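1. Sequence and predicted model, in that order:
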Amino acid sequence: MQSRTTDRPPLIAVAHGSRDPRAAAAVEALLHAVRLAEPGLDVRTAYLDHAPPSLPQALSGLDQAVVLPLLLTAAYHSRVDIPAALRETSARRPRLHIAYGDTLGPHPLLIAALERRLTEAGVTPGDPETAVVLVSAGSSDARANAVITRMAREWARARPWWSVTAAFASAASPTPAQEVVRLIRTGAPKVVVAPYLLAPGHFSDKVERDTLEAGASVVAGVLGPAPELVAIVQERYGQAVRRSTAVATA
């Protein structure tokens with residue numbers, strides 16, 4: 001999606017936010033890649049917590065914007081937190097036109113991004129002697145966790161892995177370490193971990209430490225600025241613009 005039009009609505013990418021500076025660095029690397037792929041598009045960052053700017057700050061001075069949740073699954077933040085912040089902003093600034101985009105996942109390209117990170121870690125995609133643990137941050141929203149379980153099943157059907165199963169770093173079970181132990185006990189020749197995480201931080205560190213101690217052979221890197229995520233951001237932006245245009249002309 002290469003376009004040099006400069007009058008497109010700015011893209012406000014809303015990330016979770018973290019006290020760990022590595023998280024913001026990963027988000028900024030992803031959005032830098034989006035800027036390179038979309039010359040002329042005003043791409044801004046916002047964070048829900050722990051880091052500036054906030055969403056209202058990122059929207060300051062704009063009369064229109066596409067707000068895109070830089071989140072891998074639709075859960076509380078995308079369904080409640082961000083819409084609430086947008087309603088509050090709209091109440092103060094009724095002339096501000098906002099198009100709200102979809103979360104990054106689920107999306108078929110995310111499996112390709114996960115396989116990219118596994119390949120970089122020395123894992124052969126689809127190796128029938130390798131069991132993959134797909135690790136999400138986990139959510140109190142059962143619907144979000146069900147998406148990860150479904151992703152694991154679809155990935156297992158698409159490739160001849162030994163198996164692909166889901167695990168959750170918080171709020172749900174099994175934990176990544178529990179799943180690694182279970183797979184080893186059931187005879188998996190090799191167990192590798194694929195973090196379904198956007199950026200490094202507390203969860204990625206804990207997942208790596210705990211799963212290696214539990215016997216995992218490899219823990220891949222987080223998704224970060226993978227080219228597949230750049231393409232998804234572009235797609236989600238375009239979808240939001242088209243929906244907004246369709247509503248405006250209806």
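-> Now that the structure is in, tell me what you want to look at. Numbers count the residues shown, from 1 in each chain.
2. Kindly provide the distance from the residue nearest in space to the middle of the chain to Asp102.
-> Geometric centre of the chain, nearest residue: Leu72, 2.9 Å, by CA atoms, centre = their mean. Shown here: Leu72 relative to Asp102, a distance of 12 Å by CB to CB, to the nearest Å. C-betas here are computed from N, CA, C, even on glycine.
3. so what does the lengthiest helix in the chain touch, helix or strand wise?
-> Criterion DSSP state H: the longest helix present in the chain is helix 227-249. Helix 227-249 is packed against strand 11-15, helix 21-37, strand 64-69, strand 97-100, helix 108-120, with contacts defined by 3 or more CB pairs under 8 Å, 6 or more residues apart in numbering; DSSP states H and E.
4. okay, and for this protein, where does confidence drop off?
-> For the chain, applying pLDDT under 70 flags the ranges 1-6, 247-250.
5. returning to that earlier point: chain center to the longest helix of the chain: distance?
-> Centroid separation between helix 227-249 and its chain, computed with CA atoms, centre = their mean, to the nearest Å, is 16 Å.
6. Same question for it: list its buried residues.
-> Across helix 227-249, burial judged by 16 or more other CB atoms under 10 Å covers 228-238, 240-241, 244.
7. same check, this time on stretch 202-220
-> Phe203, Ser204, Val207, Glu208, Asp210, Thr211, Ala214, Ala216, Ser217, Val218, Val219, Ala220.
8. Equivalent analysis for stretch 168-176, please.
-> Phe168, Ala169, Ala172, Thr175, Pro176.
9. now, of the helices and strands packed on helix 227-249, which is deepest in the fold?
-> strand 11-15 (a mean of 26; mean count of other CB atoms under 10 Å).
10. What strands flank that one, and is each parallel or antiparallel?
-> strand 43-47 (parallel), strand 64-69 (parallel) (DSSP bridges).
11. residues making contact with that strand?
-> Around strand 11-15, the neighbours that count as contacts under CB atoms under 8 Å, 6 or more residues apart in numbering are 23-24, 27, 31, 34, 38, 41-48, 55, 58-59, 65-71, 82, 198-199, 233, 237.
12. Take it, keep the C-alpha atoms, and write them as PDB.
-> Below are the C-alpha coordinates for strand 11-15, written out as PDB (Å, rounded to 0.1, in the frame of the first residue of the first chain):
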ATOM      1  CA  LEU A  11      -2.700   7.600  12.100                       C
ATOM      2  CA  ILE A  12      -2.700   7.400  15.900                       C
ATOM      3  CA  ALA A  13      -1.300   4.000  16.900                       C
ATOM      4  CA  VAL A  14      -2.300   3.300  20.500                       C
ATOM      5  CA  ALA A  15       0.000   0.900  22.400                       C
END
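13. chain center to that strand, what's the gap?
-> Worked out by CA atoms, centre = their mean, strand 11-15 lies 12 Å from the chain centre.
14. Can you tell me how far Arg44 is from Ala246?
-> For Arg44, the distance to Ala246 - CB to CB - is 24 Å.
15. That should have said Thr73, apologies.
-> In terms of CB to CB, Thr73 sits 26 Å off from Ala246.
16. Report the contact partners of Tyr237.
-> If you count contacts by CB under 8 Å, 6+ apart, then Tyr237 has Leu11, Glu38, Leu41, Val66, Leu68, Gly101 around it.
17. CSV for the strands paired with strand 11-15, including distance to Glu129?
-> Formatted as CSV, those follow (distance: least, CB to CB, whole Å):
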stretch, distance to Glu129
strand 43-47, 41
strand 64-69, 37
